[in-house]
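J.: Okay, structure incoming, though there's no sequence with it:
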């Protein structure tokens with residue numbers, strides 16, 4: 001078996017090399033899809049499938065010139081022959097289902113891989129070997145630790161301290177989700193009763209392999225939104241409350257620089273802009289000069305106004321909109337801040353987390369506005 005540290009910042013023990021014996025083959029995902037077609041189709045839509053080729057990652061890897069990034073983004077690169085097609089598939093089927101066990105050395109989970117016996121591991125302990133591969137039982141697949149190896153990463157600094165970069169597993173461990181035993185998989189891999197593979201005789205609870213829920217809906221399920229608009233001395237006073245109701249980690253999660261963007265527009269009845277405001281929530285890492293930079297250039301955390309599990313955040317706006325029309329409140333997840341996106345030369349991706357429209361009347365002396373006050377609630 002092969003043992004490897006899951007943390008890019010760590011190196012294997014000197015008396016135990018990370019690669020004992022290269023495996024002859026690593027099967028590509030489409031070969032697994034011959035029998036596991038549904039799971040393969042779900043995986044193809046996931047961030048795991050894009051882990052080695054996502055433009056933001058490629059730019060960060062190339063600019064940082066740090067090969068240890070591949071430990072998590074291309075796990076097979078250090079475990080099997082580099083010419084294998086599966087190596088280039090990022091966090092592919094073999095990269096997860098070769099995990100035999102997960103242990104913890106202090107706060108750092110470590111993976112033990114078995115890539116030599118053509119045995120695929122999973123949470124089922126009564127599955128039978130088949131013509132193509134053997135089947136192994138690994139109860140760790142139901143444990144959040146199997147995710148924690150790559151979803152918690154701190155970068156060592158020159159002064160001997162470390163700077164947290166990816167914090168979602170650490171946040172989960174401190175949350176009520178961990179206390180109640182709600183593992184990452186219960187949200188990110190919701191299960192349904194179906195056949196695990198072509199030709200199997202019975203249905204089992206099979207986890208969704210898109211890792212963001214069906215059709216990626218976890219982004220939309222993270223936050224509850226309450227928008228309340230009133231007339232205030234001729235202007236529109238707007239309160240937007242965001243509550244982290246659906247995530248066991250801070251929102252937004254992942255590498256520092258991701259953002260939740262709250263855009264508020266006051267449009268007239270023809271759709272023309274009267275007023276606009278925008279706020280960002282996220283974690284900002286900076287260099288010695290205090291400039292926001294990609295994590296590998298960072299030396300300190302400047303700010304963190306993300307929303308912790310169960311926490312609510314209130315944002316207040318005041319808009320001057322003399323003509324009748326409507327307020328449009330949009331909440332979006334953004335893959336990188338404008339500063340990070342510019343530094344890497346890669347445009348940021350955005351996904352909607354919710355949208356609210358509130359109609360309002362024009363200014364009326366001493367009477368307030370028609371349709372206001374009004375409150376709209378969007379549940380995750």
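T.: Noted; the coordinates are in hand. Not measured: the values here are computed from a predicted model.

J.: What helix or strand is the most centrally placed residue in the chain located in?
T.: Centroid check for the chain by CA atoms, centre = their mean gives residue 254 as the closest residue, at 5.1 Å. Counting by DSSP states H and E, no helix or strand carries residue 254.

J.: Quick check: it vs residue 53, distance?
T.: Using CB to CB, to the nearest Å, residue 254 is found at 17 Å from residue 53. (Each C-beta comes from the backbone N, C-alpha and C, glycine too.)

J.: Next, give phi and psi for residue 274.
T.: Residue 274 adopts backbone torsions of phi -110, psi -40, taken as degrees, to the nearest 10.

J.: What distance do you get for it to residue 321?
T.: Using CB to CB, one gets 4 Å for the distance from residue 274 to residue 321.

J.: Give me the common contacts of the two.
T.: Common neighbours of residue 274 and residue 321, counting by CB atoms under 8 Å, 6 or more residues apart in numbering, are 266, 268.

J.: okay, those two: which has more neighbours?
T.: residue 321 (22 against 17; other CB atoms under 10 Å).

J.: hang on, residue 146 in a helix?
T.: Yes - assessed with DSSP: H, G, I helix; E, B strand; the rest coil, residue 146 lies in a helix.

J.: Need the residues that contact the lengthiest helix in the chain.
T.: If you go by DSSP state H, the chain has its longest helix at helix 55-64. Helix 55-64 has contacts (CB under 8 Å, 6+ apart) with 51, 69, 70, 73, 294, 295, 296, 335, 336, 344, 345, 346.

J.: What of stretch 298-306?
T.: 155, 157, 163-165, 250-253, 256, 260, 281-288, 290, 292, 313.

J.: Please, a PyMOL command that selects the buried ones among the residues you listed?
T.: Provided next is the PyMOL selection string for whichever of the contacts of stretch 298-306 are buried by 16 or more other CB atoms under 10 Å:
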select buried, resi 155+163+164+165+250+251+252+253+256+260+281+282+283+284+285+286+292+313
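
J.: Give me the subset of the contacts of stretch 298-306 that lies in strands.
T.: 155, 163, 164, 165, 260, 281, 282, 283, 284, 285, 286, 313 (DSSP state E).

J.: how many other residues sit next to the closest residue to residue 370 other than its chain neighbours?
T.: With sequence-adjacent residues excluded and distances taken as CB to CB, 6 or more residues apart in numbering, residue 370 is closest to residue 361, at 3.0 Å. Residues contacting residue 361 under the criterion other CB under 10 Å number 15.

J.: how about residue 368, secondary structure?
T.: Per three-state DSSP, residue 368 ends up coil.

J.: distance of it from residue 317?
T.: The span separating residue 368 from residue 317 equals 18 Å under the rule CB to CB.

J.: bridging residues for the nearest residue to residue 245 once chain neighbours are set aside?
T.: Nearest residue to residue 245, sequence neighbours excluded (CB to CB, 6+ apart): residue 224, at 4.6 Å. Assessed by DSSP bridges, residue 224 has beta-bridge partners residue 243.

J.: Could you do the one 4 residues further on as well?
T.: Residue 228 has these beta-bridge partners by DSSP bridges: residue 239, residue 375.

J.: So residue 201, which state does it fall into?
T.: On the basis of three-state DSSP, residue 201 is classed as coil.

J.: coming back round to it: the residue nearest to residue 245: what's it in contact with?
T.: Per CB under 8 Å, 6+ apart, neighbours of residue 224: 242, 243, 245, 246, 377, 378, 379, 380.

J.: For the fourth one, pull up the helix or strand it's in.
T.: Meaning residue 246. Counting by DSSP H and E, residue 246 is part of no helix or strand.

J.: Distance-wise, check it relative to residue 380.
T.: 5 Å.

J.: which neighbours do those two share?
T.: By CB under 8 Å, 6+ apart, the residues touching both residue 246 and residue 380 are 221, 222, 223, 224.

J.: from those, which is closest to residue 206?
T.: The nearest member of the shared contacts of residue 246 and residue 380 to residue 206, counting by CB to CB, is residue 221 at 20.6 Å.

J.: Return the residues in contact with the closest one.
T.: 213, 246, 380.

J.: Out of those residues, which is nearest to residue 232?
T.: Nearest to residue 232 among the contacts of residue 221 is residue 380, at 28.8 Å by CB to CB.

J.: What does the pLDDT read for the closest one?
T.: Residue 380 is assigned 79 on the pLDDT scale.

J.: count of neighbours near it?
T.: For residue 380, using other CB under 10 Å, the count is 18.

J.: Surely it is in contact with residue 244?
T.: No - between residue 380 and residue 244 there is no contact under CB atoms under 8 Å: 9.1 Å.

J.: what's the overlap in contacts for those two?
T.: Joint contacts of residue 380 and residue 244 (CB under 8 Å, 6+ apart) are 222, 223.

J.: Could you tell me how many residues sit around residue 273?
T.: Other residues within reach of residue 273, judged by other CB under 10 Å, total 12.

J.: again with residue 245
T.: By the criterion of other CB under 10 Å, residue 245 has 18 neighbours.

J.: and for stretch 134-144, what are the contacting residues?
T.: 99-102, 114, 117-125, 127-129, 146, 169, 172-173, 178, 183-185.

J.: So residue 353 versus residue 261, what's the distance?
T.: 9 Å.

J.: neighbour-wise, which of those two wins?
T.: The neighbour comparison of residue 353 against residue 261 (other CB under 10 Å) goes to residue 353, with 23 against 19.

J.: for the more buried one, helix, strand, or coil?
T.: Here residue 353 is strand, with the state taken from three-state DSSP.

J.: need the contact list for it.
T.: Going by CB under 8 Å, 6+ apart, residue 353 touches 219, 220, 222, 223, 225, 260, 331, 332, 333.
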